[in-house]
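K.L.:
just to be clear, the model below is a prediction. Sequence and coordinates:
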Amino acid sequence: MDKPRNLLGHEALSQETGRKRKRMKRALPSLLIGFAIPFLMEAGAAEEKFEGKGLRATMRSEASTIAPGQTFIVALTLSHHPGYHSYWKNPGTVGMPTGIIWELPQGFEAGELIWQIPERSKMFKYDVYGYETNATLLTEIKAPRNLTQDSIVLKAKASWMACNDSSCNPGYHTFELKLPVSEKTAWARGTRELVKAARARLPKPIPALQATASAKGNKIRLQIEGKPIQALQEKEGLYFFSMLNHYKIDPEQKIRLKKGILTVTLSKTDYAPDKIDRVKGILRFPVEISGKDSSFALIETKLD
């Protein structure tokens, strides 16, 4: 018996739908590859990750290709596992600061490690300076003008110490970033945003602040004054992070706020050099001191 006309139409429609589905399945991998290529090109060899005990270390270049004479940033991000911390440039009595030894092609130059603002942490009974949250440390790399290679490899031997309440784990890894050379530098958008955010967290000198420092015995007295200090009503939240590992890290820093002058008293460690000629560090404010300035001020002065 012949099938009714409406069922024949339904069958034809089903066959056509099936053929379209097959064509879509064949096309889907190509579509996915097309969408993925920009992301693969951006990450590519301009990024490498290493999973260590206590943290994950990721090195990224903000430039995905470099032109001769270009200056660019390479960022090392330390993502800490819960309960772990790494150390700042001045770790305190215990701990090892993160370090990078560069192996660069001829003519390339690397600047000093640029440190993010530190946090206070604990290692056993000791107070230390470091990072418990993610920390991004920056290095400025300058390419030579006579760059003739098709591509270059940046090698960075990174070292760190990841600690929790009961143990410390030294970590080491040699990162290798292979970057093509081009007439015009191409930027990795995601990494550039990361670098921009890291720069925003760097301490900056604030011209409105004036500092002096004097020594008496094993004590250093740092005095800071200026409009931002005069605006403070109380000393709660103020703290001075010394960049030099010459002073004890006191749980409760000796701070006095009187008549618009902030006085911080620092105690020398037993291993401090006999002669100290400068005081350098970061002053943390409890609130932002203006609409644009950070709550952290870079302080540096001669020691009288």
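P.N.:
Right, received. Where do you want to start?

K.L.:
how about low-confidence regions in the stretch 151-300 of the chain?
P.N.:
For the stretch 151-300 of the chain, the stretches with pLDDT under 70 are 251, 287-294.

K.L.:
let's see it at 50
P.N.:
Applying pLDDT under 50 to the stretch 151-300 of the chain flags the ranges 291-293.

K.L.:
can you give me the helices for it?
P.N.:
189-200, 227-230 (DSSP state H, counting those that start in this stretch).

K.L.:
export those to CSV and tack on distance to residue 57 and mean neighbour count?
P.N.:
Using the backbone N, CA and C atoms, a C-beta is placed for each residue, glycine as well. Compiled in CSV, those are given as follows (distance: least, CB to CB, whole Å; neighbours: other CB atoms under 10 Å):
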stretch, distance to residue 57, mean neighbour count
helix 189-200, 14, 15
helix 227-230, 36, 16
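
K.L.:
would you turn these into JSON lines with distance to residue 266?
P.N.:
Listed next are these as JSON lines, based on distance: least, CB to CB, whole Å:
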{"stretch": "helix 189-200", "distance to residue 266": "28"}
{"stretch": "helix 227-230", "distance to residue 266": "18"}
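
K.L.:
of all the ones you listed, which one comes closest to residue 181?
P.N.:
Nearest to residue 181, of all these, is helix 189-200, at 18.1 Å by CB to CB.

K.L.:
hmm, who's touching that closest one?
P.N.:
Identification of contacts with helix 189-200 by CB atoms under 8 Å, 6 or more residues apart in numbering yields 42, 46-47, 60-62, 73, 75, 77, 116, 136, 138, 294.

K.L.:
can you do 7 Å?
P.N.:
Taking contacts as CB atoms under 7 Å, 6 or more residues apart in numbering, the residues outside helix 189-200 that touch it are 42, 60, 61, 62, 73, 75, 116, 136, 138.

K.L.:
nearest to residue 184, of the residues you listed?
P.N.:
Closest to residue 184 out of these is residue 62 (14.7 Å), distances taken as CB to CB.

K.L.:
what about the closest one, how many residues nearby?
P.N.:
Per other CB atoms under 10 Å, the neighbour tally for residue 62 reads 22.

K.L.:
residues contacting it?
P.N.:
Contacts for residue 62 (CB under 7 Å, 6+ apart) come out as 72, 73, 187, 188, 191, 192, 195.

K.L.:
so for it, what's the pLDDT?
P.N.:
For residue 62, the pLDDT comes out at 98.

K.L.:
could you work out the most separated pair of the contacts of helix 189-200?
P.N.:
The span of these, defined through CB to CB, is set by 42 and 116 at 23.5 Å.

K.L.:
so between those two, which is more surrounded?
P.N.:
Between residue 42 and residue 116, residue 116 has the larger neighbour count (other CB under 10 Å), namely 20 against 16.

K.L.:
what helix or strand is the more buried one on?
P.N.:
Counting by DSSP states H and E, no helix or strand carries residue 116.
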